[in-house]
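**Q** Structure, please.
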Amino acid sequence: MEMQGREHIGWIDLLRVVACFLVVLSHCCDPFVARFDADRGAFLTGVFTGSFVRACVPLFVMMTGVLLLPVRAELGDFYRKRIGRIVVPLVFWSVVLPLSYFVYLNYVVSTGNPMVVVDDHTLGATLTRICTFIFNFNYDTTPLWYLYMLVGLYLIMPVIGAWLQQASRRDIRLVLYVWGVTLLLPYIKMVAPALGYTGNYGNMGILGVCDWNSYGTFYYVSGFIGYLILAYYLAKYPPQWSWKRTLAVTVPMFLGGYLITSFGYVLTQQYFPGDYAYLEIVWLFTGINVFMMTFAVFVVIRKLKVRASVGLSRLASLTFGIYLCHFIFVQVGYDLMGTLDALPVLLRIFCVALFAFGISCALVWIMFRFRPTRRFVR
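**A** Reported below is the predicted structural model:
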């Protein structure tokens, strides 16, 4: 999500802005999805809107692959520059976001957001969240999960980059095919019990996973690494397709992925009502359906002849900060507009998203203007 000055590429700038807005929009859907059967109409609108934007995070990962692979810097320099720039924002927002939620929920409004448990936002619980962020993110800092994951990608990118520099096109494609198999694993694991699989001493992991081993067959070739390699491959060997063929491939691919994602979520809710452990499987960023949507969006925007412009580049440079701070403004926007029953649910979702994106953009722009705060949003 970071970009150096020399890397202001028109379509990348556009993709950054689009992906960032889709992230904000996805979080604006969550309170409506969480209503489930209490408000079936709101639930369905939230699901079908949220499913439409699931490509948001994989698109950010792919941009990282385009801009940073292969890694040409010394290992220490790369780690120091990339990981060092993440640590400071991670610490800052891991403190600021819980404090913001504490003040807002205890002294500003009594929220109706079904995602929020107000009793979990006492002063003691807030201080615990702040002190334990080193172990993991929490509800208040939900978007920061990406930073933990991104650090992991940065750690492995020099290794991947060294291989990419000497790998043939055929070799890269083979690795991508193997990664493609891993995109099916969540669904294989889901249907395995229906085929008689009872797990390993109660642990329902597959392909070598058990209580004392988390590293199954495809562990080392799965996850977001595939998006990095795919982005590098598509940048180095872009499809030489006409617009007609491009749309003939990407439109059905996107629609197919979207239908699996949205109807799959609704179907999963019927069998596992309110159980996020199962519901999130259909929304996994590393599932085959989300990959289908991500590939389609990336290829189409990559093909657009977008000129680099000052305005677009400036907005793109704010997206990292917008991503970091927007979650609290989604909460504020929901309390202001999400409960306006006179408005259609879809309109409420977009109003909250535009509000959160706009306020976050303004805040990050202000923070950029002052050197002491600039490091927290770039």
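**Q** What is the burial count for M62?
**A** 29 (other C-beta atoms under 10 Å). (Each C-beta comes from the backbone N, C-alpha and C, glycine too.)
**Q** Quick check: closest non-adjacent residue to it.
**A** A231 (3.7 Å; C-beta to C-beta, 6 or more residues apart in numbering).
**Q** Could you do R374 as well?
**A** F368 (5.5 Å).
**Q** wait, isn't the residue nearest to M62 in contact with P70?
**A** No - assessed by C-beta atoms under 8 Å, A231 is found out of contact with P70, at 11.9 Å.
**Q** and T64, what is it in contact with?
**A** The contact partners of T64, taken as C-beta atoms under 8 Å, 6 or more residues apart in numbering, are M1, L150, L153, L228, A231.
**Q** try it again with 7 Å
**A** L153, L228 (C-beta atoms under 7 Å, 6 or more residues apart in numbering).
**Q** Just the element for it, please.
**A** According to DSSP states H and E, T64 maps onto helix 56-68.
**Q** what's the next secondary structure element after that helix?
**A** Next helix or strand after helix 56-68 toward the C-terminus (DSSP H and E): helix 75-107.
**Q** any idea of the mean pLDDT in that following helix?
**A** For helix 75-107, mean pLDDT rounds to 92.
**Q** which other helices and strands contact it?
**A** Where contact means 3 or more C-beta pairs under 7 Å, 6 or more residues apart in numbering; DSSP states H and E, helix 75-107 is packed against helix 123-131, helix 145-166, helix 319-333.
**Q** 10 Å instead?
**A** Here helix 75-107 touches helix 56-68, helix 123-131, helix 145-166, helix 319-333, going by 3 or more C-beta pairs under 10 Å, 6 or more residues apart in numbering; DSSP states H and E.
**Q** buried set for it?
**A** By 16 or more other C-beta atoms under 10 Å, the buried positions in helix 75-107 come out as 78-79, 82, 86, 89-90, 92-102, 104-105.
**Q** Let me know the angle separating that helix from helix 145-166.
**A** Relative orientation of helix 75-107 and helix 145-166, computed by axes from the mean of the first three to the mean of the last three C-alpha atoms, to 10 degrees: 160 degrees.
**Q** if we can go back for a sec, in terms of neighbours, single out the busier of A231 and P70.
**A** Using other C-beta under 10 Å, the more surrounded residue of A231 and P70 is A231, with 24 against 17.
**Q** That one contacts L59, correct?
**A** Yes - contact between A231 and L59 holds when scored by C-beta atoms under 10 Å: they sit 9.3 Å apart.
**Q** Send over stretch 199-209 as CSV, restricted to the C-alpha atoms.
**A** The C-alpha trace of stretch 199-209 is given here as CSV (Å, rounded to 0.1, in the frame of the first residue of the first chain):
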residue,chain,number,x,y,z
GLY,A,199,-10.9,-35.4,11.8
ASN,A,200,-7.8,-36.4,13.6
TYR,A,201,-8.6,-36.9,17.3
GLY,A,202,-11.2,-34.1,17.0
ASN,A,203,-9.1,-31.7,15.0
MET,A,204,-10.8,-31.1,11.6
GLY,A,205,-7.7,-30.0,9.8
ILE,A,206,-6.8,-31.8,6.5
LEU,A,207,-3.7,-32.9,4.7
GLY,A,208,-1.5,-33.3,7.7
VAL,A,209,-2.9,-30.6,10.0
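**Q** Give me the residues contacting it.
**A** Stretch 199-209 is contacted from outside by 185, 188-190, 192-193, 197-198, 210-219, using C-beta atoms under 10 Å, 6 or more residues apart in numbering.
**Q** next one: stretch 180-194
**A** With contact meaning C-beta under 10 Å, 6+ apart, stretch 180-194 is reached by 195, 197-199, 204-207, 209, 216-223, 225-226, 230, 260, 264, 268, 272, 278, 280-282, 284, 286-292.
**Q** Okay, buried residues for it please.
**A** T182, L183, L185, P186, Y187, K189.
**Q** Relative to Q240, how far out is the first one?
**A** T182 sits at a distance of 28 Å from Q240 (criterion: C-beta to C-beta, to the nearest Å).
**Q** Helix or strand: which one has the residue lying closest to G65 once chain neighbours are set aside?
**A** Nearest non-adjacent residue to G65, counting by C-beta to C-beta, 6+ apart: A231, 3.2 Å away. A231 belongs to helix 225-236 when assigned by DSSP H and E.
**Q** got the buried residues for that helix?
**A** Neighbour-count burial for helix 225-236, counted by 16+ other C-beta under 10 Å, picks out I225, G226, Y227, L228, I229, L230, A231, Y232, Y233, L234, A235.
**Q** still on that earlier bit, isn't the residue nearest to R374 right up against T319?
**A** No - with contacts counted by C-beta under 10 Å, F368 stays clear of T319, the gap being 11.9 Å.
**Q** Please identify which of the two sits among more neighbours.
**A** Counting neighbours by other C-beta under 10 Å for F368 and for T319 shows that T319 has the greater number, 28 against 17.
**Q** residue contacts, that one?
**A** Neighbours of T319 in contact, by C-beta under 10 Å, 6+ apart: 1-3, 13, 15-21, 23, 60, 63, 357, 360-361, 364, 377.
**Q** and these, which of them are in helices?
**A** In this view, these that belong to helices under DSSP state H are 13, 15-21, 23, 60, 63, 357, 360-361, 364.
**Q** which of those residues lies closest to R35?
**A** Looking at the ones in helices among the contacts of T319 and their distance to R35, the nearest is V23, at 21.3 Å (C-beta to C-beta).
**Q** what's the overlap in contacts for F368 and T319?
**A** Counting by C-beta under 10 Å, 6+ apart, the residues touching both F368 and T319 are V377.
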